[in-house]
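K.L.:
Sequence plus predicted model, see below.
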Amino acid sequence: MAAQVNPVYEIKKLEIRACPKWVDDEMMNWARYCWRGAWPQPMPKRQCASLEGCYSRHGEESTTESVDEKPIPVLEVNAKIIQRAYDHMAGVHQLVLRAEYPQRREWGGKSRKAAARFVGLREEDYLSILASALYRIQKILEAQ
């Protein structure tokens, strides 16, 4: 008699990044679209908040702020296509996509188990909803 495999165990072994890399890249573009703002954004202070504002940390050569490199540009056309698709998805799909891409920093971005906990789902449910949403996005982008 052949041993039966527990389907839940099989789901845990699967890596959800079975979607093509270009879909993940487009979703990262959408996340940048969601978070973008005016450039240059305010830089963090390196000076003391004293009245004279002249104090700097010991060893710093200058109190002037250096400008970081410009962020990766957003391809608005594709981001808007994904946004329209996102707007027409069910609430749970939206919740999972937000957690996976634009809100990744809020749950630490360490594991999908943490992401599932962040949105209040079991890991298996989170993974299947994510796979479904990414597949839907992929089909919409391929149709363009």
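P.N.:
Yep, that arrived.
K.L.:
From now on I want contacts and neighbour counts done on CA atoms only, so please keep to that.
P.N.:
Will do.
K.L.:
neighbours around Ala31, how many?
P.N.:
21 (other C-alpha atoms under 10 Å).
K.L.:
Contact partners for it?
P.N.:
101-102 (C-alpha atoms under 8 Å, 6 or more residues apart in numbering).
K.L.:
likewise Ala133?
P.N.:
93, 97.
K.L.:
Show me what the mean pLDDT comes to for stretch 94-103.
P.N.:
For stretch 94-103, mean pLDDT is 92.
K.L.:
Also stretch 36-56?
P.N.:
54.
K.L.:
Number the chain from 32, please
P.N.:
Understood, numbering begins at 32; the last thing we discussed is stretch 67-87.
K.L.:
biggest helix in this structure by residues?
P.N.:
helix 154-174 (DSSP state H).
K.L.:
What residues sit buried inside that helix?
P.N.:
By 16 or more other C-alpha atoms under 10 Å, the buried positions in helix 154-174 come out as 154-155, 157-158, 160-162, 164-169.
K.L.:
same question, stretch 112-124
P.N.:
Neighbour counts over stretch 112-124 (16+ other C-alpha under 10 Å) mark 112-114, 116-117, 124 as buried.
K.L.:
Distance across that stretch, terminal residue to terminal residue?
P.N.:
From its first residue to its last, stretch 112-124 covers 16 Å (C-alpha to C-alpha, to the nearest Å).
K.L.:
Any stretches of this structure with poor pLDDT?
P.N.:
32-49, 68-100 (pLDDT under 70).
K.L.:
where do the helices sit along it?
P.N.:
Going by DSSP H, the chain shows helices at 38-44, 52-66, 107-118, 122-131, 143-150, 154-174.
K.L.:
Out of the ones you listed, flag the one nearest Lys101.
P.N.:
helix 52-66 (12.6 Å; C-alpha to C-alpha).
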